[in-house]
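>>> got a sequence here, can you build the structure:
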Amino acid sequence: MNSKLNRSLFVWIKIFALLSVILLSGCARTSEPVSKTGFYLDTVVTITLYYDTGSRTSYDSCIQNIEACFSLIGEYEHMFSATLEDSDIWSINHSGGNSVTVSDDTVSLLQAALSYSELTDGRVDLTVLPLSELWDFGSEGNSHIPEETAIREALEHIDYHAVRLEGNVVTLTDSHAAIDLGFIAKGYIADRLKDYLLSQGVESACISLGGNLITIGNKPDGQPYRIGIQKPFAAGGETITAIDVTDSSVVSSGIYERYFYEDDILYHHLLDTQTGYPADNNIAGVTILAPTSTEADALSTTCYFLGLDEGMKLIESLDNTEALFITIDGALHPSSGFPQ
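Presented below is the predicted three-dimensional model:
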């Protein structure tokens, strides 16, 4: 082959390679977020998935998966809510001490709630409802300090040992006891939503149930999710710090979530099951980073009641679990492996 032909062949190879790059670049597909927000579980819920901008099927699939997730949230709320009539928990609380048959999910959640009640020796107690109803933190503008006699009466019926599980049958041995799963239910639901999305082949997503966040993988561009941690009592959702999260759950609990002032004294919703009044332990908030949202949700409340020293000791004993404690003075106290 002569040199002229060689040069011509080389030029055409370069042109073909260039055209290939241009064509492939033109066909490159990008991912965009699609999300939906609604009010469930007494909080704002947002679910975000990512769709292939070059595929209508990808977009439709995201929409279908998001709608399915909101449908699941509704189903779980009608199992775990203490206020929705005929839910599993409502039925137990209004059974007058009679046995109630509940769903497998309710049993699983009750077992988890009981384990944390036992871990804290009742400082976190799933039968706290008689007390929390007295304080009525959910009634905006109407919250007040209950009568002392009413508090003492409620405390007599707070005891997680009163919850008896036998298969799918639940019995309250104290007919005046009542269950509230608010410290763990959202975490359990978030985990079930993640399970569903994984079963549908979703590789990147972010689920937000109020202060409960759980992610699937990274963002489509390979970057982790950047999650802000709220500064206690700050206006406009101001963050005190932020962390990168991949395929994990972040849950925060604190005295700034629900509270009221009376005679210039702050009363918050994290109630001490020994005194009947808001706990006073110098902690403004706790954020937990854990593999599952059930763990993170329960541990955020658990560690608040355990306090800085005892709570940090618990976190350091757990694998793949980290915590950030924020004290009243605004100081940050991270566990040894908490992302900086």
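
>>> every contact and neighbour count from this point should use C-alpha atoms.
Fine.

>>> in stretch 150-167, what's buried?
151, 154-155, 157-163, 165 (16 or more other CA atoms under 10 Å).

>>> same thing with stretch 81-101?
For stretch 81-101, by 16+ other CA under 10 Å, it's 81-82, 87-95, 97, 99-101.

>>> sitting in strands, which of those do you find?
100-101 (DSSP state E).

>>> quick one: which of the buried residues of stretch 81-101 is nearest L197?
Proximity of the buried residues of stretch 81-101 to L197 (CA to CA) peaks at S81, which lies at 23.3 Å.

>>> show me where the stretch 1-150 of the chain has its helices.
3-27, 56-80, 88-93, 104-119, 129-135, 148-155 (DSSP state H, counting those that start in this stretch).

>>> so where is the stretch 51-200 of the chain shaky, pLDDT-wise?
Applying pLDDT under 70 to the stretch 51-200 of the chain flags residues 138-141.

>>> one more pass at 80, please.
Counting by pLDDT under 80, the stretch 51-200 of the chain has low-confidence residues at 138-142.

>>> related to what we said a few turns ago, between the helices of the stretch 1-150 of the chain, which one is closest to S208.
Of all those, helix 56-80 comes closest under CA to CA, at 11.7 Å.

>>> what packs against the closest one?
strand 31-40, strand 43-52, helix 88-93, helix 185-199 (3 or more CA pairs under 8 Å, 6 or more residues apart in numbering; DSSP states H and E).

>>> so L289 sits in a strand?
Yes. L289 sits within a strand when classified using DSSP: H, G, I helix; E, B strand; the rest coil.

>>> pLDDT score for the residue nearest to it when sequence neighbours are not counted?
Leaving out its chain neighbours, the residue that sits closest to L289 by CA to CA, 6 or more residues apart in numbering is V250, at 4.7 Å. Note on V250: pLDDT of 98.

>>> cool, A323 as well?
Predicted confidence (pLDDT) for A323: 98.

>>> how many neighbouring residues does it have?
For A323, the neighbour count with other CA atoms under 10 Å is 29.

>>> residue contacts, the residue nearest the centre of the chain?
Closest to where the C-alpha atoms of the chain average out (CA atoms, centre = their mean) is N212, at 2.5 Å. Counting by CA atoms under 8 Å, 6 or more residues apart in numbering, N212 touches 186-187, 190, 249-252, 293, 297.

>>> please identify which pair of those lies farthest apart.
A190 and S252 (14.1 Å).

>>> ok so, going back, wait, which of the helices and strands packed on helix 56-80 is closest to L134?
Using CA to CA, the helices and strands packed on helix 56-80 put helix 88-93 closest to L134, at 15.6 Å.

>>> what is the closest one packed up against?
Using 3+ CA pairs under 8 Å, 6+ apart, helix 88-93 sits against helix 56-80, strand 169-172.

>>> recalculate using a threshold of 10 Å.
helix 56-80, strand 100-101, helix 104-119, strand 169-172 (3 or more CA pairs under 10 Å, 6 or more residues apart in numbering; DSSP states H and E).
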